[in-house]
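[1] Have a look at this fold, sequence not included:
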């Protein structure tokens, strides 16, 4: 058990940060799942916009690294592009 007041406070702060960060990461995962579940191209585009927004907010809050947010957005955007591309063979 902690013996110093500063250690106890630090522990409380880290627990609060952990809860906050976990909530943000859960929002990211939920946004990606909503993107995967979207059926129409318009719905996928809207889900991409929402997921990108959530990822950017998490990066600004330093919950995830900015490169991770960019990588996530890039992967989702590639899926949208691949789905909207029409095959060249009849």
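    Everything's here; your move. Being a predicted model, the structure only gives us computed values, none of them experimental.
[2] confidence score at residue 87?
    Looking at residue 87, its pLDDT reads 65.
[3] quick one: contacts of stretch 8-28?
    2, 51, 54, 55, 57, 58, 61, 63, 64, 72 (CB atoms under 8 Å, 6 or more residues apart in numbering). Where C-beta positions appear, they are placed from N, C-alpha and C, glycine not excepted.
[4] chain center to it, what's the gap?
    Relative to its parent chain, stretch 8-28 has a centroid offset of 16 Å by CA atoms, centre = their mean, to the nearest Å.
[5] What are the buried residues along it?
    27, 28 (16 or more other CB atoms under 10 Å).
[6] now the contacts of stretch 8-28: which count as buried?
    By 16+ other CB under 10 Å, those give 51, 54, 55, 58, 63, 64, 72 as buried.
[7] Output the contacts of stretch 8-28 in TSV; the columns should cover secondary structure.
    Shown next, in TSV, are these (DSSP: H, G, I helix; E, B strand; the rest coil):
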residue	secondary structure
2	coil
51	helix
54	helix
55	helix
57	helix
58	helix
61	coil
63	coil
64	coil
72	helix
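[8] Let me see the contact set for residue 63.
    20, 21, 24, 25.
[9] For the protein, which helix or strand comes out least confident on mean pLDDT?
    helix 66-84 (a mean of 93; mean pLDDT, DSSP states H and E).
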